[in-house]
Every structure is written in structure tokens, then in C-alpha cells.
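*Asks:* Provided below are the primary sequence and the corresponding predicted coordinates.
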Amino acid sequence: MKKVLFITWDSDSSNYLENLFLPIFKGLKERHDIQFHVMQFSWAGPEEVQRLKRLSASIGIAYVQYPVHKKPHAFLGVLWTVYRGVYHIKNYVREHGIHSVMPRSTMPAMMVNRLLDFLKKNQVEVIFDADGLPLQERLDYTGLKANSQPYKILKKEETKLLKRADKVLVRTEKAKKIHLYLIGQAHADKFHIVSNGRDAVFFKPDPRARKEIRSALGLGEEELLFVYSGSLGPQYVFEQMLLLFYRYYLAHGKSRFLVLSRSAGDLPPMTGNLEGLVLPMAVDFQDIPRYLSAADVAFNFRLPAPSLAGIAPIKLGEYLMMGIPTITSTGIGDTEEQVGDKEFCCLVDLKDPLYQAKAVDWVREVLPGLDREVIRDFGVEVFGLEGSVMAYGEVLKVGFRKSDFGKLGAWKDNEEWGVRSGE
């Protein structure tokens, strides 16, 4: 059995870990005999840490968490966490006989960079999950400047691991091209595109739930229900969805807009002409498919920005697996190549002043004739969990040498304990 240590750095919550990665890791264990261990650095509270630990254990995945220090100063706390993290990773690799380490994104990459000599010496494979274009995303949305010292440090660390890792995972062909443009085509063979697959059994239309939810919302069968599911951060341009919905309502009436978000309570009250038309709701993740079953058309919008090239939109896959026709903005990863010729997706350029009119026409003219089973079949094929497990499995199995097993168990006896300079 191959053992992989997945290393991630998160805030006080990490839904993506339980809803995206753990199902993939579970599938890899069942189908490819690959055992994942998760090491998470975060500032989550004890209850959240224990919850993730129990959840991971329930599917046979080892989980350990280390706190991200934020005192006496945030910057110093991060440096101390990175320093200690190098020690924790090295010890964990030795104690558990890890064959591959998989740092996700920049901060874990910084830790693994300090262990490259140690890992190479002991024939431990380094798989860098480059996670889209995270540093570009910080430039786009957080105010980080390209000429700032923090950015230069982080970019140097990312570039180092892109060059020295044995394999690099990205989510889009565009992200691969961008990285190779910066580090050179000589590294092309080690880049692999994997998907953010969702469970087709979980994201499945439920006709009974459709009737129940629509009845609870006070909707008639003739009313069109728009839906958006996800964060309400500025990069998701909720106001653009709202404007498009309202334009349709003014032209055709008989429509509502369901907003499913953990931060639904942060939306200001809908007054005036929008009162009663917009339905914000915070529901548990387990109930999302029930509410999506009630919808007729979905939104998948992102604010135009360079970092979108590296994104594989999870929500688009969820919508299509639920059989929901979707209005999606252009420029998001490889979306245009995947769905550009599909009549059940309406691609709009948010910078085009006529995009709302195009979308409203599509809803009126194309939507009624669509077959939701065809949409679901496509969604499962392109965005399903099985495809993700297959892609990860191909990456992880290539280059795996069973003869390395015996070398791993002897590290404690042969190596000096702790972290040494240059490792």
C-alpha cells in the first residue's frame, strides 16, 4: 500500500477538505490501495478539529492538525508555524513510512522546500498540488501587491517547488500553460491535470424533494426558479446575478431567485420590487441537493480576473450533475472548452453590456426544450467523483516502486532526529 501525506493550510473552517478531498482520498484507498494521511495547519477551534478527525477516521484516513500561530504578531506567528511545520512533516514521514508528500498550495510548499534534500535522499516522492493560481488570486482580490516583499517571498517558494517537485497537479490546461511559461517547457512532463469531482450519488435530482421544496417556498409549477449556491464574496458578483434575474422577472414575471449560502444572513433585506422574489437560505451541505432539485436554472459567475484561468468551478459540476441548465461567465478555467458547445449552458461575458439580454433570450427560447437527464449524464461524465479518482490514481501510481518499502521503516535508526539546515 502506498502512503501519501497530504499537507494543507487553512483558516478556521475548511469545507473543501471534507466535501472535496476526503471523498477523493476514500475512493483512492478503495480502488487503488493508496492510503492518505492528512496534516492540516489551521486556526480552527478544538470542536472543529475533533469533528474533522472523527470524520476522517470514519473513512479510514489518518488526520492530524497543528495550530497556525497568530501571536505575538500575525507575521511572526506564521513564520513560527512554518518552522515548526517542517519539523512535524519530517517526523511524520519517518514515523509512518510515507512514500509521497503532497503539499497543497503555497504555505505547505514553503515547508516542503526545506525538506527537499531529506526527501530526495530517502526516495520520498514530492507531488505539489499547485491549487490553481493562488498567488495571482491574492493579487486580484486581497490587495496584495506584486512588488511587495510578502508576494516576492511567496512567489519564490512556489516557483522553487514547481521546478523541483517530482509531479505537479493543476486543475486546468490554462494553469499548466501559465506555469510552464514561467518555469520552462522542460518541466512539462511532470504536470498533470486533475478534476474537482463530486459524488454522483449525492448530487442527484430528487423529484419528491422538488415538489416538497417548491411547495414550501410557495412556488407553482409554472414559476421559474433561479438558483445560486455558494459564497457571497465579492469575486462571485452576486449583484450581477440579481440584476439578470430581475431583468428576466420584469420581462416575463412568474420567477423567483433562491440563494443557498452559509452567509445568506449577511444579505441586506430585499425591499421594494425585490421583496418576496429573492429567497436567501442557509442550509446544511447535506440538504443542498434537495434544494437544487427544486431549481430550473442556475448561476455560475466569477468576477473577471487573471487568476480565473486556474480555477475548475466546483459549483458548475454540481449544477450539471443535478441536471440544471446553467448561465456561466466566461474566462473560468477550461469552462469554455468543456461546455462552450453545449446548449444547456449559456456562456456570458460579464464585461459585455448585452450579456443580460443574451441570457434572458436563452432562458426564454432554449431552456424549455432541454432534457435534464442529458445534462446530468454529461455532468457525471465530466465532473463526477469517479473521474477525479481515476485521474489522481494515474498520477499516484506512476513511478511507485514497491522496493522502496523496506527503506522507509529504518529511518528512525539511521537518521538524526529533527530538522537540519538545508533539508
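*Replies:* Noted; the coordinates are in hand.
*Asks:* contacts, neighbours, all on C-alpha from now
*Replies:* Noted.
*Asks:* what about Leu396, how many neighbours?
*Replies:* If you count neighbours by other CA atoms under 10 Å, Leu396 ends up with 19.
*Asks:* Would you indicate which residues of whatever helix or strand it lives in are buried?
*Replies:* In this assignment (DSSP states H and E), Leu396 forms part of helix 385-397. Neighbour counts over helix 385-397 (16 or more other CA atoms under 10 Å) mark 385-393, 395-396 as buried.
*Asks:* Does anything pack onto it? Which helices or strands?
*Replies:* Here helix 385-397 touches helix 22-32, going by 3 or more CA pairs under 8 Å, 6 or more residues apart in numbering; DSSP states H and E.
*Asks:* And the helix it packs on, what's buried?
*Replies:* Across helix 22-32, burial judged by 16+ other CA under 10 Å covers 22-29, 32.
*Asks:* okay, it in CSV with CA atoms only?
*Replies:* The C-alpha trace of helix 22-32 is given here as CSV (Å, rounded to 0.1, in the frame of the first residue of the first chain):
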residue,chain,number,x,y,z
LEU,A,22,-11.8,13.3,1.6
PRO,A,23,-14.2,11.6,-0.9
ILE,A,24,-11.4,11.5,-3.4
PHE,A,25,-9.0,10.1,-0.9
LYS,A,26,-11.6,7.5,0.2
GLY,A,27,-12.0,6.5,-3.5
LEU,A,28,-8.2,6.2,-4.0
LYS,A,29,-8.0,3.8,-1.0
GLU,A,30,-10.8,1.6,-2.2
ARG,A,31,-9.8,1.5,-5.8
HIS,A,32,-6.1,1.8,-5.9
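*Asks:* Not counting the helix holding Leu396 itself, show me its contacts.
*Replies:* Helix 385-397 is touched from outside by 23-25, 27-28, 32, 192-200, 381, with contacts defined as CA atoms under 8 Å, 6 or more residues apart in numbering.
*Asks:* Quick check: the farthest pair among these?
*Replies:* Across the contacts of helix 385-397, no pair lies farther apart than His192 and Ala200, at 23.4 Å, counting by CA to CA.
*Asks:* circling back: what's the angle from the helix holding Leu396 to helix 22-32?
*Replies:* 60 degrees (axes from the mean of the first three to the mean of the last three CA atoms, to 10 degrees).
*Asks:* Show me which helix runs longest in the chain.
*Replies:* helix 74-96 (DSSP state H).
*Asks:* So which elements touch it?
*Replies:* Counting contacts by 3+ CA pairs under 8 Å, 6+ apart, helix 74-96 is packed against helix 106-113, helix 411-414.
*Asks:* buried residues in that helix?
*Replies:* Of all the residues in helix 74-96, those buried under the rule 16+ other CA under 10 Å are 78, 81-82, 85-94.
*Asks:* The residues you listed into TSV, with extra columns for distance to Asp284?
*Replies:* As requested, the buried residues of helix 74-96 are exported to TSV (distance: CA to CA, whole Å):
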residue	distance to Asp284
Val78	32
Thr81	32
Val82	33
Gly85	33
Val86	36
Tyr87	37
His88	34
Ile89	34
Lys90	37
Asn91	37
Tyr92	34
Val93	36
Arg94	39
